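1. Here is my input; please provide its structure:
(one chain, ligands or ions: 1)
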Amino acid sequence: MSSPPVPTAKKLKTSINTSSTPSPPPPNPTSSKTVPKITPHSIDTYVVNLPSNLRQHLSNHFSDVEINRIQGCYKLAPTRTVFRQVTPCVTGQVPPSPATPDFTLLPVPESAVTALPQIPSVYLTSPPTTSTTPTPCPSFSTASSSLLTSPTIIVDRICAEAVLRGSTIFNPGILASNGDIVKGCEVYVWGDVTEPGGAGKTEGGKDKKNNRGCKIPHFQGDIIYLGIGCVEVSKQSDFFRLSTGTGVTMISLVTGSTPMSLNELDTTKWFCQNLPSLVPAYSLSQSITDSNALILDMCSAPGGKTSHIAGLSKGSLVFANDRSKKKMIRVRKLMKKQGFDNVKCISADATKLCSETENTNTEIKSLLSQHPPNPTTGLHTTLKTLPPSSFTHILLDPPCSALGLRPRLHIPDGDDVKQYSVYQRGFVDQAIKLLKPGGTLCYSTCTYNPEENEGVTAFILKKYKEMELVDVGVGLGKMGVEWEGLTEEDRRKVRRFDWCDEEEREDMAGSSIGFFVARFVKNK
Ligand SMILES: C[S@@+](CC[C@H](N)C(=O)[O-])C[C@H]1O[C@@H](n2cnc3c(N)ncnc32)[C@H](O)[C@@H]1O
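-> All right, here's what the predicted structure looks like:
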């Protein structure tokens, strides 16, 4: 195995250009009395190290040099995002081809993706012209007093990762706040990076709930500085009272990359995705010839691939499923908003989705013609199984270790990572049962862990003799790795997107998230 050179670490920009902004407010004399139990880190000292057992796990697959490159990916280099044009689709009606943007990355069809620069500038937020509270980047020695004296918010880790990817801040991601916060004022934005199970009290579930809404002096944990944002809610308590909606729009990011505001993006027309995430639906759609396909998206939420396949389905019906009812309600809303009439939403455990009963197409057809039991959400919640051999096309994007997502402010434990490929086999088994002979299955993950990718592919080929691996049909990405038992021919059929090669930085695929796609046909 040849080891490509390690990319040179790029020095991240750690301060905001403050030339046009006045000095920070003087420290509040009372602040020294209340010292928050917060440990602030600067973003470039915050290096995500792979846990030793994950390193060990990956060392079965990668050389040390490559593992270092993987680790390097978690530095805060922005990933390339594309905007996909939404093509609303109504049952049985083939939509007109979307407008052809000037997009040169072939063979993804020009109609499938639009690169960011082509988005009209109206869709990108420009920084506010008036600065109500000029807030230069705090120096870390004065961080504690700045946190207490300036308008400041702390967001949870997932939100912090999204912010570093250019996202806006939604209210549920905000954990704590301080200062005189009103609509239109600027705030320092910090992210909670307290390790799960560590000293912090903000990681997920109960603890996050307990801590949410507290004032910053009462917040405990490790935080990193993310940038400056502009408050969108009328008053501070709205951050914690509202369960949806934008709380803060980012103005500048500590990484120096440009924050995007999707507030102004017409999400009925555009959908923001990472480039490799477009490959599965596009690959699956290559074998959809008319409106008679029956498509299943087994793990659909938050619905990015569902909306893509629905648009490419030539008017065929799409079943979207996710175990989480709450998430499926949101998927359903998204489909409605984007104008899809050909998506039926269900919420069931995909590892138990296939019933023992033989296929009766009429059963599915009658189900589809029913009015949804719940008129508010349009979500089928009573349906828990579907007959075998029901679908002509299945998209399987199961839960995975998500090691390909970056920036990451936390890396899962190696022991946890190992469990995923076992779990994924349960989904695969159901997908193959639910697929009609002659049907197509597209399997994808957003991890570079070979066991969950080439390993699951090899497992399918070994266990299910009726399944044949076929070329993904999209020329982006690389061939699969050799260690999981795939032949060279098969490795060429799959698509692997992995760490960011320095020399590939200008290539959209190279600077994308880690991802994997394989496509199979079930022989008759
Ligand atoms: C990788 S995400 C899917 C992303 C989605 N395909 C998209 O493009 O937006 C995996 C999803 O699987 C769901 N999930 C986890 N276990 C499941 C199960 N047993 N059955 C169905 N869905 C499950 C999770 O709720 C999560 O939304």
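2. What sits closest to residue 454 if chain neighbours are left out?
-> residue 484 (3.7 Å; CB to CB, 6 or more residues apart in numbering). Heads up, the C-betas are built off the backbone N, CA and C, glycines and all.
3. oh, I was asking about residue 159
-> Nearest to residue 159 is residue 173, by CB to CB, 6+ apart, at 2.9 Å.
4. Might you list the low-confidence residue ranges for the stretch 301-450 of the chain?
-> In the predicted model, the stretch 301-450 of the chain carries pLDDT under 70 at residues 357-377.
5. To clarify, my last question referred to the chain.
-> Ranges of the chain meeting pLDDT under 70: 1-38, 41-48, 69, 72-85, 89-149, 196-211, 256-267, 357-377, 499-511.
6. So which residues on it come close to the ligand?
-> Contacts of the chain with the ligand, taken as CB under 6 Å from any ligand atom, map to 299-305, 322-324, 327, 349-351, 397, 399.
7. Helices of the stretch 251-400 of the chain, residue ranges please.
-> 279-285, 304-311, 325-337, 361-369 (DSSP state H, counting those that start in this stretch).
8. swap in the chain?
-> All helices of the chain, identified by DSSP state H, fall at 52-58, 64-73, 143-149, 157-164, 205-211, 238-241, 279-285, 304-311, 325-337, 361-369, 414-434, 454-463, 488-493.
9. Please identify the buried residues of stretch 438-458?
-> 439-458 (16 or more other CB atoms under 10 Å).
10. What about those residues, which are in strands?
-> Here DSSP state E is the test, and these give 439-445 as lying in strands.
11. tally of neighbours for residue 292?
-> Counted with other CB atoms under 10 Å, residues neighbouring residue 292 total 12.
12. quick one on the thing from earlier: redo the helices of the stretch 251-400 of the chain as a markdown table? Include mean neighbour count.
-> Below are the helices of the stretch 251-400 of the chain laid out as a markdown table (neighbours: other CB atoms under 10 Å):
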| stretch | mean neighbour count |
| --- | --- |
| helix 279-285 | 26 |
| helix 304-311 | 27 |
| helix 325-337 | 19 |
| helix 361-369 | 12 |
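13. Residue 519 is nearest to which of those helices?
-> Nearest of these to residue 519, taken as CB to CB: helix 279-285 at 5.2 Å.
14. Which elements pack onto the closest one?
-> helix 304-311, strand 391-396, strand 435-445, strand 515-522 (3 or more CB pairs under 8 Å, 6 or more residues apart in numbering; DSSP states H and E).
15. and of these, who's closest to residue 498?
-> strand 515-522 (8.3 Å).
16. Would you list the strands that the closest one pairs with, along with their directions?
-> The strands that strand 515-522 pairs with in its sheet are strand 435-445 (antiparallel), strand 467-470 (antiparallel), strand 495-497 (antiparallel) (by DSSP bridges).
17. Could I have the CA atoms of that strand written out in PDB?
-> Below are the C-alpha coordinates for strand 515-522, written out as PDB (Å, rounded to 0.1, in the frame of the first residue of the first chain):
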ATOM      1  CA  PHE A 515     -18.300   9.100   2.200                       C
ATOM      2  CA  PHE A 516     -18.800   5.800   0.500                       C
ATOM      3  CA  VAL A 517     -21.300   4.500  -2.100                       C
ATOM      4  CA  ALA A 518     -21.900   1.000  -3.500                       C
ATOM      5  CA  ARG A 519     -24.700  -0.100  -5.900                       C
ATOM      6  CA  PHE A 520     -26.100  -3.600  -6.300                       C
ATOM      7  CA  VAL A 521     -28.600  -5.300  -8.600                       C
ATOM      8  CA  LYS A 522     -30.700  -8.300  -7.300                       C
END
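18. That one to helix 454-463, inter-axis angle?
-> If you take axes from the mean of the first three to the mean of the last three CA atoms, to 10 degrees, strand 515-522 sits at 10 degrees to helix 454-463.
19. got the angle between strand 515-522 and helix 414-434?
-> Going by the same axes, to 10 degrees, strand 515-522 makes 30 degrees with helix 414-434.
20. residues of strand 515-522 that come out buried?
-> 515-522.
21. Can you tell me which of those lies closest to the ligand?
-> Checking the buried residues of strand 515-522 against the ligand with CB to the nearest ligand atom, the nearest one is residue 515 at 10.7 Å.
22. Is the closest one in contact with residue 273, as I believe?
-> No. The criterion here is CB atoms under 8 Å, and residue 515 misses it with residue 273 at 11.0 Å.
23. contacting residues around the residue nearest to residue 454?
-> Contacts for residue 484 were tallied using CB atoms under 8 Å, 6 or more residues apart in numbering; they are 450-451, 453-455, 457-458.
24. gap between it and the ligand?
-> Distance, residue 484 to the ligand, using CB to the nearest ligand atom, to the nearest Å: 20 Å.
25. before we move on, the earlier item: ok, and the most crowded of the residues of the chain next to the ligand?
-> residue 300 (31 neighbours).
26. Surely that residue touches residue 308?
-> No. Applying CB under 8 Å as the test, residue 300 and residue 308 come out as separate, 11.1 Å apart.
27. Just give the number of residues close to the one residue in the stretch 101-250 of the chain that gets nearest to the ligand.
-> In the stretch 101-250 of the chain, the residue found nearest to the ligand is residue 158; the distance is 13.2 Å by CB to the nearest ligand atom. Residue 158 has 17 neighbouring residues, counting by other CB under 10 Å.
28. just residue 268 next, same as before
-> Residues near residue 268, counting by other CB under 10 Å: 13.
29. Check the one 5 residues further on too.
-> Other residues lying near residue 273 total 19 when counted by other CB under 10 Å.
30. Skip the chain neighbours and tell me the closest residue to the closest residue to the ligand within the stretch 401-524 of the chain.
-> Residue nearest to the ligand within the stretch 401-524 of the chain: residue 446 (6.4 Å; CB to the nearest ligand atom). With CB to CB, 6+ apart as the criterion, residue 446 has its nearest non-adjacent residue at 4.5 Å, and that residue is residue 404.
31. wait, what's in contact with the one you found?
-> Residue 404 neighbours (CB under 8 Å, 6+ apart): 445-448, 497-498, 513-515.
32. now with 6 Å?
-> For residue 404, the contacting residues are 446-448, 513-515, by CB atoms under 6 Å, 6 or more residues apart in numbering.
33. between those, which is nearest residue 230?
-> Taking the contacts of residue 404 together and measuring to residue 230 by CB to CB, the closest member is residue 513, at 27.4 Å.
34. For residue 58, give its distance to residue 518.
-> 20 Å (CB to CB, to the nearest Å).
35. ok, how many other residues are close to the closest residue to residue 164 other than its chain neighbours?
-> Closest residue in space to residue 164, ignoring its immediate chain neighbours: residue 407 at 4.6 Å, by CB to CB, 6+ apart. Neighbour count for residue 407, taken as other CB under 10 Å: 20.
36. Please apply the same query to residue 250.
-> Neighbours of residue 250 (other CB under 10 Å): 23.
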